[in-house]
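Trainee: mind folding the following:
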Amino acid sequence: MQPPKDPKAYRTLRPLAPVRAGIAAAVTAAAAGLRELHLRTAAASNAATIHDVHVRRWARTLLTTAGVRLHVSLDLLPVPSDRARLVIANHRSALDIPLLLSLFGGHLVSRGDLAGWPLI
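Mentor: Okay, the predicted model is just below:
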């Protein structure tokens with residue numbers, strides 16, 4: 001996401017921050033409730049798929065709430081697979097987390113010292 005070139009745009013966006021934060025909190029609460037309800041009513045064997053679907057939907061909704069428009073080049077993404085995968089990312093902003101979740105789903109593990117690892 002590119003920052004606005006016009007400094008006046010920041011003054012327009014800033015008052016919306018509390019509104020967007022409230023919407024994000026409401027979306028998170030609703031998504032958690034729907035996920036839990038879906039997990040309780042579905043077969044246990046489908047739990048991972050249900051979790052993944054709800055996490056991706058929640059992340060996309062958060063990005064939309066934040067005003068982020070995502071343009072993805074499909075040839076850069078890995079082919080969808082049922083196999084496990086590990087995505088390592090040293091993110092720069094809080095929006096990178098829902099962005100990665102919307103693209104890859106799964107679970108997150110946080111490491112504060114990841115930036116100092118020599119191979120990553």
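
Trainee: relative to residue 41, how far out is the most centrally placed residue in the chain?
Mentor: Centroid-nearest residue in the chain: residue 98, 1.5 Å away (criterion: C-alpha atoms, centre = their mean). From residue 98 over to residue 41 the distance is 26 Å, taken as C-beta to C-beta, to the nearest Å. Yep, even glycine has a C-beta here, placed from its N, CA and C like the rest.

Trainee: with residue 109 instead?
Mentor: With C-beta to C-beta as the criterion, residue 109 and residue 41 are 29 Å apart.

Trainee: before we move on, what about residue 100?
Mentor: 28 Å.

Trainee: who's more crowded, these two?
Mentor: The residue with more neighbours, out of residue 100 and residue 41, is residue 100; 16 against 8, by other C-beta atoms under 10 Å.

Trainee: surely the more buried one touches residue 91?
Mentor: Yes - using C-beta atoms under 8 Å, residue 100 is in contact with residue 91, at 7.2 Å.
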